[in-house]
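Colleague: sequence below, structure please.
(one chain, ligands or ions: 1)
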Amino acid sequence: MARYTLHGMWPSGPTYKVGLMLRLTNTPHDYEHVDLRAGAHKADAFLAKNRYGQVPVLEDHEKDVCLSQSSVILDYLADETGQFAGKDRSERLSAREWQFWGAGPLAVGVYRTRALKLGFFKFPEEVAAANLQSALGALKELDGLLAGRNWLVGGGATIADIDIYGIASYCSQAQIDLQPFGNVRKWMARVEDLAGFKGPQECLPQASVKAA
Ligand SMILES: N[C@@H](CCC(=O)N[C@@H](CS)C(=O)NCC(=O)O)C(=O)O
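Modeller: Sure thing, here's the model as predicted:
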C-alpha cells in the first residue's frame, strides 16, 4: 500500500486540485474512486473519513491522518513533500489567503457554471446569470492582481497557484471565454509548463488504481 490514498471522483474539480498536487510533487499514491452517483459518499464507511460526505479525501497511512477540503489537503502536502510551500511563513500565509479567496466567487461561479453547462445541475435563469457574473468578476480581479507577476505568491509556484488553477482550468468546460483575461491565460500556461502537469481531463483515473 502506498503512503497516501486519494479518494475522489474524476470529474470533481476539488479532487483534481489534489490529483494535480500529487502529480506535480511526484508523490506515489493509491486512488480510490468514490461512486457519488451510487451515494458512496454518504455511506457510513465514507462519512467516517469525511464528516461532510464529499470528495476529495486524502489519507496518510504513515501518520494516521485523514483530511478533507482540497485546500487543506494541499496545505498538508506542501509540508509533507516540502514542495510548493512558499519560502517562508509570510508566503505560506499569502498562499492561504489566495486559497480562501478561491473558495469564494471564483469557485462558486466557475464550478456552478460548468455544472450547468455539463448538465450536472439545473439553476433558475437568474441564478445561472449570477453564477456567471461571480466567475467573471473573480477572473477580472485575478487578472488585475496577476499584472506584472509570474506567480500568485513570491517568485515561484506555490499551492496557491495549484489551488486557483484547479478552479480556473474549468472555465473551458464552463464555456467562459478567457480571451479578455490575458494575465490569467499567461499564468495558466506557466502552471501547465510545470513538470508532471496534467489537465483536468487526464489527471484523475476513472476507476480505483493502486500506486505502481
Ligand atoms: N470545499 C470542498 C468541496 C468539495 C466538493 O464540493 N465535492 C463535491 C464533488 S466536486 C462532492 O463531493 N459533492 C457531493 C455532495 O456534496 O454531496 C473541497 O474543496 O474539497
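
Colleague: show me what from the chain comes close to the ligand.
Modeller: The chain comes close to the ligand at residues 12-14, 36, 41, 53-56, 69-71, as judged by C-beta under 6 Å from any ligand atom. (Each C-beta comes from the backbone N, C-alpha and C, glycine too.)

Colleague: rerun that using 5 Å as the cut-off
Modeller: By C-beta under 5 Å from any ligand atom, the part of the chain that sits against the ligand consists of 12, 14, 54-55, 69-70.

Colleague: and those residues, which two are the farthest apart?
Modeller: Taking C-beta to C-beta, the two most distant members of these are Ser12 and Gln69; they sit 12.9 Å apart.

Colleague: quick one: the helices in the protein?
Modeller: 13-24, 44-47, 70-81, 89-101, 107-117, 125-145, 159-168, 182-192 (DSSP state H).

Colleague: angle of the last one against helix 159-168?
Modeller: In terms of direction (axes from the mean of the first three to the mean of the last three C-alpha atoms, to 10 degrees), helix 182-192 departs from helix 159-168 by 110 degrees.

Colleague: tell me the domain boundaries of the protein?
Modeller: Using automatic domain parsing, the domain parsing of the chain gives 4-81, 89-192.

Colleague: and the longest one, end to end?
Modeller: Read it as domain 89-192. Criterion C-alpha to C-alpha, to the nearest Å; first-to-last residue distance in domain 89-192 is 26 Å.

Colleague: cool, and the shortest one?
Modeller: Separation of the first and last residues of domain 4-81 by C-alpha to C-alpha is 12 Å.

Colleague: change the start of the numbering to 524 and stick with it
Modeller: Yep, numbering from 524; the last one is domain 527-604 now.

Colleague: just how off-centre is it within its chain?
Modeller: What separates the centre of domain 527-604 from the centre of its chain is 11 Å, taken as C-alpha atoms, centre = their mean, to the nearest Å.

Colleague: just to revisit the earlier point, of all the domains of the chain, which lies closest to Ala734?
Modeller: The closest of those to Ala734 is domain 527-604. By C-beta to C-beta, the value is 4.2 Å.

Colleague: now the closest one: mean pLDDT?
Modeller: Mean pLDDT, domain 527-604: 98.

Colleague: before we move on, what about stretch 633-646?
Modeller: For stretch 633-646, the mean confidence score works out to 97.

Colleague: can you list the buried residues in it?
Modeller: Residues 633-640 are the ones in stretch 633-646 that count as buried (16 or more other C-beta atoms under 10 Å).

Colleague: returning to what we had before: of all the domains of the chain, which lies closest to Ser731?
Modeller: Nearest to Ser731, of these and by C-beta to C-beta, is domain 527-604 at 4.7 Å.
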